[in-house]
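A.B. asks: What follows is a predicted protein model with its sequence.
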Amino acid sequence: MFQQQQKKKRKKESASRSHAAPALYLSSQNPTPKARRVRHSRRSMASNANPAECAKGKQRVLVSETEGELAVALAKYTAELSDKYARERGAFTVVLSGGYLIHNIRKLVESPYKESVDWAKWHVFWVDERVVKKDHVDSNYKLAYDGFLSKVPIPPSQVYSINDSLPAEGAADDYEACLKQLVKTGVLEVSASTGFPRFDLMLLGMGPDGHLASLFPGHPLLKENQRWVTYIKDSPKPPPQRITFTFPVIDASAYIAMVVVGSGEVDALKKALGCRDSSSDLLPVQMVSLEDGEFTWFTDKEAVSKLQNKEF
Ligand SMILES: O=C(O)[C@H](O)[C@@H](O)[C@H](O)[C@H](O)COP(=O)(O)O
């Protein structure tokens, strides 16, 4: 009975996802997680965004002068959340993406964070992973290991990479089973309303086509609302075989930092930050609909250069 109700709820959520319209708040001030002190907007922004019309799913947009400043702000934000969760429940569950994200978290492996963060409390996951060997140049694990994980003392048993000896279907099943086990042991929380795993922080990137994780525009996986982890064999971004978290898992997050820097995604960002009232043609990133979390865009001036309101 409970399961049926949950199923119905998820269907409804999946249907309403297409209408999600964020209210946008802009700040070029220091980002601080909600738990500490959220600095909401000096002014609302975006080319055609009207916060009065866009009442659902508040998002913050932080614009740094340079990508260097963004890296500093992102490290501070992540370290503050790490402190909060380490203190509150003795574990901090962090989800990484591939792409430029790893470069953008580079300040975390420098002072003061390298010494001050309680790395032993970290549990690290991937929002998506390419189905290749872990030492392959395309591996998101390798990217994260080389640029981040090898430089901080996170216990290797708390770094949850995919089983690279399995094909895509098996690797997705295996990763989902791993998450379920971590729910049982209490490392991973679940959303009280949907039963999907609730990660403390997702550090994500967006592609030029507006994809996040391996959830690409127009792909049937956008509608997946049962699985926690699934697979794709026809990813438009190479390599084609990947596993990915699904939207209900992303939507259950406590905090999402969406990091978009430089000129590569200016058009997607312009569209993503616009308010829309119809369900047609949404970018995958616009389909995120956090149940009870905080979504923050970390951008730099170059990334927002196509937005009409440049008063920041
Ligand atoms: O495996 C991947 O391809 C990544 O995990 C992917 O989800 C990435 O985050 C976006 O494609 C953004 O990539 P960029 O940061 O390179 O634009």
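C.D. replies: Done, it's in. Numbering: from 1, shown residues only.

A.B. asks: so where do the helices sit in the stretch 201-312 of the chain?
C.D. replies: Using DSSP state H, counting those that start in this stretch, the helices found in the stretch 201-312 of the chain span residues 247-251, 266-272.

A.B. asks: tell me what the shortest one is packed against?
C.D. replies: Contact here means 3 or more CB pairs under 8 Å, 6 or more residues apart in numbering; DSSP states H and E; on that basis helix 247-251 packs against helix 2-17. Every C-beta, even on glycine, is put in place using the N, C-alpha and C of the backbone.

A.B. asks: avg pLDDT for the helix it packs on?
C.D. replies: In this model, helix 2-17 has a mean pLDDT of 48.

A.B. asks: now stretch 77-93
C.D. replies: pLDDT averaged over stretch 77-93 gives 98.

A.B. asks: ditto for stretch 159-178
C.D. replies: Averaged across stretch 159-178, pLDDT comes to 98.

A.B. asks: How about that stretch and the ligand, any contact?
C.D. replies: No: on the criterion CB under 6 Å from any ligand atom, stretch 159-178 is out of touch with the ligand, staying 11.7 Å away.

A.B. asks: still on that earlier bit, among the helices of the stretch 201-312 of the chain, show me which one is buried the most.
C.D. replies: Counting by mean count of other CB atoms under 10 Å, helix 247-251 has the highest mean neighbour count of these, with a mean of 25.

A.B. asks: could you check whether that one is close to the ligand?
C.D. replies: No: against the ligand, helix 247-251 shows no contacts by CB under 6 Å from any ligand atom, the least distance being 11.2 Å.

A.B. asks: What are the contacting residues of stretch 178-191?
C.D. replies: Under the criterion CB atoms under 8 Å, 6 or more residues apart in numbering, residues 91, 93, 123, 125, 160, 196-199, 228-229, 252, 291-292 lie in contact with stretch 178-191.

A.B. asks: So what's the gap between that stretch and the chain middle?
C.D. replies: Taking CA atoms, centre = their mean, to the nearest Å, the mean C-alpha location of stretch 178-191 is offset from the chain mean by 18 Å.

A.B. asks: give me the low-pLDDT residue ranges for the protein?
C.D. replies: Per-residue confidence of the chain (counting by pLDDT under 70) places the weak regions at 1-57, 275-280, 309-312.

A.B. asks: From Arg87, how far off is Pro112?
C.D. replies: Distance, Pro112 to Arg87, using CB to CB, to the nearest Å: 17 Å.

A.B. asks: do Gly207 as well
C.D. replies: In this view, Gly207 and Arg87 are 35 Å apart by CB to CB.

A.B. asks: where does the closest residue to the ligand within the chain land in three-state SS?
C.D. replies: Per CB to the nearest ligand atom, the residue of the chain with the smallest distance to the ligand is Gly99, at 2.5 Å. When classified by DSSP: H, G, I helix; E, B strand; the rest coil, Gly99 comes out as coil.

A.B. asks: Alongside the ligand, which residues does the stretch 51-200 of the chain contribute?
C.D. replies: Within the stretch 51-200 of the chain, the positions near the ligand by CB under 6 Å from any ligand atom are Ser97, Gly98, Gly99, Tyr100, Leu101, Asp128, Arg130, Asn140.

A.B. asks: same thing but at 5 Å, please
C.D. replies: Residues of the stretch 51-200 of the chain lying close to the ligand (CB under 5 Å from any ligand atom) are Ser97, Gly98, Gly99, Tyr100, Asp128.

A.B. asks: how many neighbours does Pro155 have?
C.D. replies: The number of residues packed near Pro155 is 12, by other CB atoms under 10 Å.

A.B. asks: and what of Glu88?
C.D. replies: Glu88 has 11 neighbours, counted by other CB under 10 Å.

A.B. asks: what's the answer for Tyr160, then?
C.D. replies: Using other CB under 10 Å as the criterion, Tyr160 is surrounded by 18 other residues.

A.B. asks: ok, now Phe148?
C.D. replies: Residues near Phe148, counting by other CB under 10 Å, number 19.

A.B. asks: so how far is Lys151 from the closest residue in space to it that isn't next to it in sequence?
C.D. replies: In space, and not counting its chain neighbours, Phe148 is closest to Ile102: 5.6 Å by CB to CB, 6 or more residues apart in numbering. Taking CB to CB as the measure, Ile102 and Lys151 are separated by 11 Å.

A.B. asks: Look at these two and report which has more neighbours.
C.D. replies: The neighbour comparison of Ile102 against Lys151 (other CB under 10 Å) goes to Ile102, with 20 against 14.

A.B. asks: SS state for that one?
C.D. replies: Three-state assignment for Ile102 (three-state DSSP): helix.

A.B. asks: Please shift the residue numbers so they start at 30 in all later answers.
C.D. replies: From this message on, residue numbering opens at 30, which makes the last subject Ile131.

A.B. asks: coming back round to it: which one of Gly236 and Arg116 is surrounded by more residues?
C.D. replies: Neighbours per residue, other CB under 10 Å: of Gly236 and Arg116, the larger number sits with Gly236, 22 against 11.
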